[in-house]
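**Student:** sequence-free structure coming up:
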């Protein structure tokens, strides 16, 4: 293995810091008693949005076999606070699993959700350097499709997510970079992004704990399990490898949350070094 494989990460977790996750607490949530609140089936090539109250768990499942899902997350009460993929990639890693957190945008900067369980956690790194639950890529969209193929197609993940959040008053400008759930990706020897066939099996799931009230949305990717090429000379119709995804929301036993508090944003008051000049309103009014 190359020596740079062990080069230290830029952001280091110190004892008691926000990156020092209480693994015992989240493991207890994963193992503890709970009540199923609701469940949904997301059909192929569609989007679905759902709310998760703070202190609840939600799962994304593969009820019929491998399928990739493109996930967006917002603060339910303020969509300006939403998942910040690049910062999450820096603070956690480029492919997420159990105990990793999904962080929100500035100036909010706090964990929106923490992963409590991952049935693909043992996938590790494959022979091509591929890993699961990707944060490096983003969603497919009709604009790049038109650019590359000259064709209009309305069922890319960007469009599926746009339709899903429209009832919540959001638009395509609110759709943001995604977490590609169950998607296996990496960088090849030319430092170019690759996607491999989804390794999930029927019944796999990824589970999250909602740290604040959330609005989530997911697209069942039109590429299905990504076992077939979507662009280039080898591209073919991927409809035959598309499957639904499942969403399950749980309320954990209250005793498990006895010591838990929803995270707050950093108390930064510097105003970026800028100072506003005081205005003499009495003098202004006499002019």
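**Tutor:** That came in fine, so what should we check first? Quick caveat, the model's predicted, so the values are computed rather than measured.
**Student:** Strands along this structure, start to end?
**Tutor:** Ranges of strands in the chain, per DSSP state E, are 34-42, 47-52, 57-61, 69-75, 78-82, 101-103, 111-118, 131-134, 179-187, 193-196, 205-210, 214-220, 245-252.
**Student:** got those as TSV, with distance to residue 147 columns?
**Tutor:** C-beta coordinates here come from the backbone N, C-alpha and C atoms, glycine included. Listed next are these as TSV, based on distance: least, C-beta to C-beta, whole Å:
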stretch	distance to residue 147
strand 34-42	27
strand 47-52	22
strand 57-61	30
strand 69-75	19
strand 78-82	26
strand 101-103	29
strand 111-118	31
strand 131-134	22
strand 179-187	20
strand 193-196	17
strand 205-210	31
strand 214-220	20
strand 245-252	27
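**Student:** of all those strands, which lies closest to residue 124?
**Tutor:** The closest of the strands of the chain to residue 124 is strand 131-134. By C-beta to C-beta, the value is 7.4 Å.
**Student:** Show residues contacting the closest one.
**Tutor:** Outside strand 131-134, the residues that touch it by C-beta atoms under 8 Å, 6 or more residues apart in numbering are 94-97, 118, 120, 123-125, 179-186, 199, 206.
**Student:** Recalculate using a threshold of 10 Å.
**Tutor:** 68, 70-71, 85, 89, 93-97, 100, 115, 118, 120-126, 178-186, 193, 195-196, 198-200, 204, 206 (C-beta atoms under 10 Å, 6 or more residues apart in numbering).
**Student:** burial count for residue 229?
**Tutor:** When neighbours are defined as other C-beta atoms under 10 Å, residue 229 has 13 of them.
**Student:** give the contact list for it.
**Tutor:** Shown in contact with residue 229 (C-beta under 10 Å, 6+ apart): 195, 223, 235-236, 238.
**Student:** Those residues into JSON lines, with extra columns for pLDDT, neighbour count and distance to residue 58?
**Tutor:** Formatted as JSON lines, the contacts of residue 229 follow (pLDDT from 0 to 100; neighbours: other C-beta atoms under 10 Å; distance: C-beta to C-beta, whole Å):
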{"residue": "195", "pLDDT": "95", "neighbour count": "21", "distance to residue 58": "25"}
{"residue": "223", "pLDDT": "95", "neighbour count": "23", "distance to residue 58": "23"}
{"residue": "235", "pLDDT": "83", "neighbour count": "12", "distance to residue 58": "34"}
{"residue": "236", "pLDDT": "88", "neighbour count": "10", "distance to residue 58": "34"}
{"residue": "238", "pLDDT": "93", "neighbour count": "19", "distance to residue 58": "27"}
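**Student:** still on that earlier bit, who wins for proximity to residue 18 among the strands of the chain?
**Tutor:** That would be strand 111-118 among the strands of the chain, by C-beta to C-beta, at 7.4 Å.
**Student:** Determine the angle, from 0 to 180 degrees, between that closest one and strand 47-52.
**Tutor:** Orientation of strand 111-118 against strand 47-52 (axes from the mean of the first three to the mean of the last three C-alpha atoms, to 10 degrees) gives an angle of 100 degrees.
**Student:** Could you pull up the residues touching the nearest residue to residue 154 once chain neighbours are set aside?
**Tutor:** Closest residue to residue 154 apart from its sequence neighbours, by C-beta to C-beta, 6 or more residues apart in numbering: residue 142 at 6.6 Å. Residues near residue 142 by C-beta under 10 Å, 6+ apart: 151-159, 162, 172.
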